[in-house]
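Novice: this one's structure only:
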């Protein structure tokens, strides 16, 4: 369960919420079914419903976006077109040496419910809790050993070994959120998950109401003494289908939403009235994976034949309406370790593909490719099917529901992994190269390493890279790691997709991370 939940958040599985569209919820317009009054209200859409606002047990990235409104962190991501962080609850954070980070809290940050002022003991409790509970996301804390308290507002984060991703992931994302130790102990101790019922809040907002598959409502925190947020309320509506979300936006039910890539061209040429459309890069990554342990795919020449037969631009034109760029590996542009180009050219080469198949002693072969029932992934599989037919490979497409596809390569889920051959896969990521590369280590074979790729050198590079602070030296490790993956023949990297968003300029000035993820606290009303 530990690793499964860890990667549920990584992969961004879309648990489809209520299929809201055209402004309809339970037969009523959204504005009547959920709220009656209008003021400084931010109405935003997410792609699936909420399950947990516990920093140690979150399942989906949008739950972290809510946590960032109701709890405090030492640092947070800065609204920008480039990845950066800035101080939040901390007055100062400094790296004393490779394994010690000293922080000093701002004074006067209060917990709701009469639990008093936030102190260093709350930070110690919150950070160490993730490790003590063997949290499914404890890897986000890397080599955390403990937090030493110096006084009420000052402490030192102590690492067992250097962990560079602390600055890009640990502090500004989920596990960096600070809970009230007193509130948690009164509620039942440090153990277990909070679910959707936190005992206390410390951010600019409180979780005022949540109706499963309908909406989540954030209201101003009366105990908040920091900078006043721009909106009185934030109303977040789960709409699983992108097209339904676009209709809801056009109906006026929401004012901020992600746009599907196949609708991007339409909205570029004819955007809705009083709307700003923004294009953002994405941290997601799509690829075709091959089970190296399957008898039909053990020969590297077969795998390389498949690699070279796949024309990636053709795939993306069909699956993403030409709005997605070709990727060079796991790591997107703007992140340390992004490669300038892949080893196999995007267009491939059918002549070379046939040569590899000939080396394997084959001129025809029948294989299967699994994909989710998400339209883009189904299209990817169908285009690859047509491309492989040109070199004599018959590819059967198996379209699976999300529950089946999401566990297909897991040994813990039975024997299905043995039958898996090719798969259209996609993971979500974070702005540090350690995050997307984690899943392909040897200890992840049968967990998230479904290609069953094994490389001692890859593991060595991964261990080295998380401890190197020099970006250039660090990048070299990640270049080689992606080369090793591609050299195995088990991977054909496709795209990072894209994260376009649109919002109503009469209602807000939006603020996002570089990947288009909303930073609600930085939104400003018009």
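Specialist: That came through, no problem. The model shown is predicted, which means the values in this text are computed figures rather than measured ones.
Novice: where along the stretch 251-400 of the chain do the strands fall?
Specialist: Ranges of strands within the stretch 251-400 of the chain are 256-258, 275-278, 285-290, 365-372, 393-400, based on DSSP state E, counting those that start in this stretch.
Novice: what about the fourth one, average pLDDT?
Specialist: Just to be clear, that refers to strand 365-372. Here strand 365-372 scores 97 as its mean pLDDT.
Novice: distance of the most centrally placed residue in the chain relative to residue 312?
Specialist: In the chain, the residue lying closest to the centroid (CA atoms, centre = their mean) is residue 428, at 3.7 Å. Separation of residue 428 from residue 312 (CB to CB, to the nearest Å) stands at 20 Å. To be clear about C-beta, it is placed using only N, CA and C from the backbone, and glycine gets the same treatment.
Novice: before we move on, what about residue 502?
Specialist: Counting by CB to CB, the gap from residue 502 to residue 312 is 27 Å.
Novice: can you check residue 345 too?
Specialist: Applying CB to CB, the value for residue 345 to residue 312 is 9 Å.
Novice: which one of these two has more residues nearby?
Specialist: Between residue 345 and residue 312, counting by other CB atoms under 10 Å, residue 312 is the more crowded of the two (27 against 13).
Novice: contact partners for the more buried one?
Specialist: When contacts are counted by CB atoms under 8 Å, 6 or more residues apart in numbering, residue 312 is found next to 326, 346, 347, 348, 492, 493, 494, 495.
Novice: report pLDDT for it.
Specialist: On the pLDDT scale, residue 312 is placed at 98.
Novice: before we move on, back to that, out of the strands of the stretch 251-400 of the chain, which is the most enclosed?
Specialist: Sort the strands of the stretch 251-400 of the chain by mean neighbour count, taking mean count of other CB atoms under 10 Å, and strand 285-290 sits at the top with a mean of 24.
Novice: got the contact list for stretch 462-477?
Specialist: Contacts of stretch 462-477 from elsewhere in the structure, counted by CB under 8 Å, 6+ apart, are 98, 142, 161-165, 336-338, 433-434, 437-438, 441, 461, 478, 481.
Novice: count of neighbours near residue 225?
Specialist: For residue 225, the tally of surrounding residues (other CB under 10 Å) stands at 12.
Novice: I meant residue 96, not that one.
Specialist: Neighbour count of residue 96, defined by other CB under 10 Å: 11.
Novice: run through this protein and note the low-pLDDT ranges.
Specialist: 1-39 (pLDDT under 70).
Novice: pull up the gap between the residue of it most remote from its centre and residue 297, please.
Specialist: Computed with CA atoms, centre = their mean, the residue of the chain farthest from its C-alpha average is residue 361, at 41.4 Å. The gap separating residue 361 from residue 297 is 14 Å, by CB to CB.
Novice: ok, residue 250 next?
Specialist: From residue 250 to residue 297 the distance is 46 Å (CB to CB).
Novice: same check, this time on residue 374
Specialist: In terms of CB to CB, residue 374 sits 24 Å off from residue 297.
Novice: give the buried residues for the lengthiest helix in the chain.
Specialist: The longest helix of the chain (DSSP state H) is helix 471-487. Residues 474, 475, 476, 477, 478, 479, 480, 481, 482, 484, 485, 486 are the ones in helix 471-487 that count as buried (16 or more other CB atoms under 10 Å).
Novice: tell me where the stretch 401-526 of the chain has strands.
Specialist: According to DSSP E, counting those that start in this stretch, the stretch 401-526 of the chain carries its strands in the segments 422-427, 491-495, 501-504, 508-509, 524-525.
Novice: parallel or antiparallel, list what pairs with the last one.
Specialist: According to DSSP bridges, strand 524-525 has the following sheet partners: strand 508-509 (antiparallel).
Novice: quick one: which of the strands of the stretch 251-400 of the chain is nearest residue 148?
Specialist: Minimum separation from residue 148 across these (CB to CB) falls at strand 285-290, 37.7 Å.
Novice: export the strands of the stretch 401-526 of the chain to TSV and tack on mean neighbour count and distance to residue 272?
Specialist: Below are the strands of the stretch 401-526 of the chain laid out as TSV (neighbours: other CB atoms under 10 Å; distance: least, CB to CB, whole Å):
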stretch	mean neighbour count	distance to residue 272
strand 422-427	24	28
strand 491-495	25	26
strand 501-504	22	7
strand 508-509	18	14
strand 524-525	14	19
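Novice: closest to residue 271 out of these?
Specialist: strand 501-504 (6.9 Å).
Novice: sorry, back to before: between the contacts of residue 312, which is nearest residue 262?
Specialist: residue 495 (13.4 Å).
Novice: that closest one against residue 326, yeah?
Specialist: Yes - Residue 495 lies in contact with residue 326 (CB atoms under 8 Å); the separation is 6.2 Å.
Novice: what residues do these two have in common as contacts?
Specialist: What both residue 495 and residue 326 touch, as defined by CB under 8 Å, 6+ apart, is the set 312, 316.
Novice: can you say which helix or strand has residue 131 in it?
Specialist: Assessed by DSSP states H and E, residue 131 sits inside helix 120-132.
Novice: work out the gap between that helix and the centre of the chain.
Specialist: Between the centre of helix 120-132 and the centre of its chain there are 24 Å (CA atoms, centre = their mean, to the nearest Å).
Novice: equivalent analysis for stretch 107-126, please.
Specialist: With CA atoms, centre = their mean, you get 29 Å for stretch 107-126.
Novice: now swap in stretch 253-269 and tell me
Specialist: 20 Å.
Novice: that one: end-to-end distance?
Specialist: Start-to-end span of stretch 253-269 (CA to CA, to the nearest Å) is 22 Å.
Novice: how about stretch 99-112?
Specialist: Terminal residues of stretch 99-112 lie 33 Å apart, using CA to CA.
Novice: check stretch 96-112 too.
Specialist: End-to-end span of stretch 96-112 (CA to CA): 33 Å.
Novice: next, the buried residues of that stretch.
Specialist: Across stretch 96-112, burial judged by 16+ other CB under 10 Å covers 99, 101, 102, 103, 104, 105, 106, 109, 110, 111, 112.
Novice: tell me who's in contact with the first one.
Specialist: Applying CB under 8 Å, 6+ apart to residue 99 gives the contacts 143, 158, 159, 160, 161, 162.
Novice: by neighbour count, which of the residues you listed wins?
Specialist: Neighbour-wise, the contacts of residue 99 (other CB under 10 Å) top out at residue 159, 20 neighbours.
Novice: state the helix or strand in which residue 216 lies.
Specialist: Element membership for residue 216 (DSSP H and E) is strand 215-220.
Novice: paired strands for that strand, with orientation please.
Specialist: The partner list of strand 215-220 in its sheet, established with DSSP bridges, is strand 205-211 (antiparallel), strand 233-238 (antiparallel).
Novice: for the closest residue to residue 332 other than its chain neighbours, give me phi and psi.
Specialist: Counting by CB to CB, 6 or more residues apart in numbering, residue 332 lies nearest to residue 496, which is 4.4 Å off, once chain neighbours are set aside. Main-chain torsions, residue 496, degrees, to the nearest 10: phi -100, psi 0.
Novice: count of neighbours near residue 496?
Specialist: 27.
Novice: do the same with residue 283
Specialist: If you count neighbours by other CB under 10 Å, residue 283 ends up with 28.
Novice: so residue 267 makes contact with residue 323?
Specialist: No - the pair residue 267 / residue 323 is not scored as a contact, 10.6 Å apart, by CB under 8 Å.
Novice: brilliant, that's me finished.
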